[in-house]
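how would this look folded up:
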Amino acid sequence: MSPRARTGAADAPAPRTSGSTAAAIGAKDAAPTTPAPRGRRPRDEAGGPVNRALDVLDLLGTPGGPSSLGVVEIARQLGRDKSQVSRLLKLLADAGYVDREPGSLRYRIGTRLFAIGATAVERRLRDEADAAVAREAALLGERVDVGIRSGGSVMTIASAAPDSELRAAGWVGRTGPLSCTATGRALLFDLDTAAIARVIVPEGLGPAGPAAPRSLDELVSRVADERRRGWALARHETDRGLLSLGAPVRDSSGAVVAALGVSGPESRVDPVLDEVRAAVLRAAYDLSRSLGAGAVSSAGRATARAGPPGQNNEVSPLSTPPAPERGAS
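Coordinates of the predicted model:
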């Protein structure tokens, strides 16, 4: 549609200026040749090429959708001209935001977007983790940590202790074994036996207390049991008398990216273990939601039924599992 038709001035020639020329080109480029399919509404045309690029990226990144799409299919789903979509995809590919499959005209989300997404999650995690540990430490009266996997270890990225205890700032940056800490084993919930072996074997099980796993098979078995119930419990595994409980933190894809845990003397934590467990699961759930996690099962599979703790029957790090086994280690 020409600028004259859009403004209603059908008999007046369009002004011969660079602005009018740009407007005419933009209007021609923006006009879809086919209507967009029902259920997908392209963004307002006021955003021009930027919004059209976002539409393409949204389509390629649709959860549960195909890993790649061809130019014709993208144009059809967005109600755009094929040549327009082809030009846009080339620009996005040159910038690294989409990748073209070798030997075809199919495109998928590019590695640059993955890198940007990972950076965003990492920054958001650290910001949200600081607030979460401070809140839970004040509530529970014990030290609360958030850790991430670093090789075969768990590294603390946020830590807080109640005012009556020694401040926990010195814990940030420390590492510990994945095998014998509650947060460490929660970080393994996404991994199968072979993957756990690849992580653990190069560095070994590490120094441990009297109740820690003594072999890879024992570790795998313990992780499997804890994965099913959605939380990890370590009793006398790093030091005699120390009890810790941890749950996984997930991102928008459902992948475990961190773990939140509480640790303290068994004499204090054990009598209120049910309350501590509920608080840890709730805090891990809230932290996961802040990272864009929806409803995911303890094995990382999406489920529409999962909700805040206590709202469904599925054992999940985002829901309340059965009562803890006090004899577990």
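
okay, which residue is most central for this structure?
Closest to where the C-alpha atoms of the chain average out (C-alpha atoms, centre = their mean) is Asp251, at 1.3 Å.

next, it: phi, psi?
Here is the backbone geometry of Asp251 (degrees, to the nearest 10): phi -100, psi -170.

could you find the closest non-adjacent residue to Gly264?
Once flanking residues are discounted, Gly264 sits nearest to Glu142: 3.8 Å by C-beta to C-beta, 6 or more residues apart in numbering. For the C-beta atoms, the positions are set from N, CA and C on the backbone; glycine is no exception.

any idea how far the residue nearest to the centre of the chain lies from Glu142?
26 Å (C-beta to C-beta, to the nearest Å).

pretty sure the residue nearest to Gly264 contacts Glu266?
No. Using C-beta atoms under 8 Å, Glu142 is not in contact with Glu266, being 11.4 Å away.

those two: which is more packed in?
Glu142 (23 against 15; other C-beta atoms under 10 Å).

and the more buried one, its phi and psi?
Here Glu142 shows phi and psi, under degrees, to the nearest 10, equal to phi -130, psi 170.

where do the strands sit along the stretch 101-250 of the chain?
Secondary structure of the stretch 101-250 of the chain (DSSP state E, counting those that start in this stretch): strands at 106-109, 143-150, 153-160, 175-177, 232-235, 242-250.

dump these into CSV; add mean neighbour count as well.
Output for the strands of the stretch 101-250 of the chain, formatted as CSV (neighbours: other C-beta atoms under 10 Å):
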stretch, mean neighbour count
strand 106-109, 19
strand 143-150, 24
strand 153-160, 23
strand 175-177, 19
strand 232-235, 26
strand 242-250, 27
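
of those strands, which is nearest Arg52?
Judged by C-beta to C-beta, the one of the strands of the stretch 101-250 of the chain that comes nearest to Arg52 is strand 106-109, at 14.4 Å.

now for that closest one, which elements pack on it?
In this structure, strand 106-109 packs against helix 49-60, strand 69-70, helix 82-95, strand 98-100, with contacts taken as 3 or more C-beta pairs under 8 Å, 6 or more residues apart in numbering; DSSP states H and E.

one more time with 6 Å
Helices and strands touching strand 106-109, by 3 or more C-beta pairs under 6 Å, 6 or more residues apart in numbering; DSSP states H and E, are strand 98-100.

sheet partners, orientation included, of the strand it packs on?
strand 106-109 (antiparallel) (DSSP bridges).

Gly261 versus the residue nearest to Gly264, what's the distance?
In terms of C-beta to C-beta, Glu142 sits 10 Å off from Gly261.

one step back: tell me the pLDDT at the residue nearest to Gly264?
As predicted, Glu142 sits at a pLDDT of 91.

same check, this time on Ala27
Predicted confidence (pLDDT) for Ala27: 40.

swap in Ala197?
pLDDT, read off for Ala197, is 90.

do the same with Leu125
Note on Leu125: pLDDT of 83.

format the strands of the stretch 101-250 of the chain as TSV; extra columns: distance to Glu203.
What follows is the strands of the stretch 101-250 of the chain, written out as TSV (distance: least, C-beta to C-beta, whole Å):
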stretch	distance to Glu203
strand 106-109	33
strand 143-150	11
strand 153-160	7
strand 175-177	8
strand 232-235	18
strand 242-250	20
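
nearest to Ala293 among the ones you listed would be which one?
Once the strands of the stretch 101-250 of the chain are compared by C-beta to C-beta, strand 242-250 is nearest, at 4.4 Å.

so what strands line up beside the closest one?
Strand 242-250 sits in its sheet next to strand 232-235 (antiparallel), strand 256-265 (antiparallel), going by DSSP bridges.

tell me the most buried of those?
strand 232-235 (a mean of 26; mean count of other C-beta atoms under 10 Å).

need the residues that contact that one.
Identification of contacts with strand 232-235 by C-beta atoms under 6 Å, 6 or more residues apart in numbering yields 181-182, 185-186, 211, 226, 243-246, 328-329.

remind me which residues of the chain are low pLDDT?
1-47, 163-170, 207, 295-329 (pLDDT under 70).

thought Gly110 was touching Asp99?
Yes. Contact criterion C-beta atoms under 6 Å: Gly110 and Asp99 qualify, at 4.6 Å.

helices of the protein, residue ranges please.
Applying DSSP state H to the chain gives helices spanning 3-7, 18-30, 49-60, 71-78, 82-95, 111-140, 182-186, 193-200, 216-229, 266-269, 273-290.

just name the most buried of the ones you listed.
helix 182-186 (a mean of 31).
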